[in-house]
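1. sequence and predicted structure below; questions after.
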Amino acid sequence: MSEIKVILVDQQDRPTGTMEKLKAHEQGLLHRAISVYVFNSRNELLLQRRAASKYHCGGLWTNTCCGHPLPGEQAREAAQRRLNEEMGLSCPLRKSLEFSYRADLPGGLIENEYGHIFFGRTDDFPRLNSDEADGYAYLSLDVIQQRIAQAPASFTPWFQLVLPSVMAQLVMHD
């Protein structure tokens, strides 16, 4: 596997350097990330189940896709790239909010990310990259909240942290 670098940032999302992705997660250093939330025409959110082979949080349900801009890549470009790489989808994306969070992950890894959150809309079905995801579902936000309440360990920590802000953002734009 080739080395993937992430963009280290300060609390205002100003770049401070780059670092290999796994090392940034081992050291818990703040870095730029993207998260994509794709909805269908019934306002159901497209979730993915992370592939069991992922180096963290494999087998857990999460938002449509996420990842990290590469050095020199804009957040919107990274969001489009990851949506295609992970889910085999392409649709217009609009930046909706920024969200900074820190979460301890299994295996001693730390997510410390300054996230750029994008929303998209499509009724297309994904063509999953099996290295990234092994399942998907379009679910209403009510059903997602019920499932998180019943089985929080089935969902990624960052999805649970960010979902309330995503829902608030949706209410503001309805």
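-> Noted; the coordinates are in hand.

2. residue 167 versus residue 87, what's the distance?
-> Look at residue 87 and residue 167: by Cβ to Cβ, to the nearest Å, they are 21 Å apart. Every C-beta, even on glycine, is put in place using the N, C-alpha and C of the backbone.

3. so how far is residue 89 from residue 56?
-> Distance of residue 56 to residue 89, computed by Cβ to Cβ: 23 Å.

4. over to residue 11?
-> Relative to residue 89, residue 11 is positioned 32 Å away (Cβ to Cβ).

5. what about the two, which has more around it?
-> Neighbours per residue (other Cβ atoms under 10 Å) separate residue 11 from residue 89, with residue 89 holding more: 21 against 8.

6. got the contact list for that one?
-> Shown in contact with residue 89 (Cβ atoms under 8 Å, 6 or more residues apart in numbering): 38, 83, 122, 124, 126, 127.

7. regarding the second one, what is its secondary structure?
-> It stands for residue 83. helix (DSSP: H, G, I helix; E, B strand; the rest coil).

8. the more surrounded of residue 87 and residue 167?
-> When neighbours are counted by other Cβ under 10 Å, residue 87 and residue 167 differ, and residue 87 comes out ahead with 24 against 14.

9. which strand or helix spans residue 23?
-> Assigned by DSSP states H and E, residue 23 belongs to helix 21-27.

10. any buried residues in that helix, and which?
-> 21, 24, 25 (16 or more other Cβ atoms under 10 Å).

11. would a markdown table of those residues with distance to residue 50 and pLDDT be doable?
-> A markdown table is the format used below for the buried residues of helix 21-27 (distance: Cβ to Cβ, whole Å; pLDDT from 0 to 100):
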| residue | distance to residue 50 | pLDDT |
| --- | --- | --- |
| 21 | 15 | 93 |
| 24 | 19 | 95 |
| 25 | 15 | 92 |
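
12. now do the helices in this structure.
-> For the chain, applying DSSP state H gives helices covering 21-27, 75-87, 141-150, 157-172.

13. what average pLDDT does the second one get?
-> Here helix 75-87 scores 97 as its mean pLDDT.
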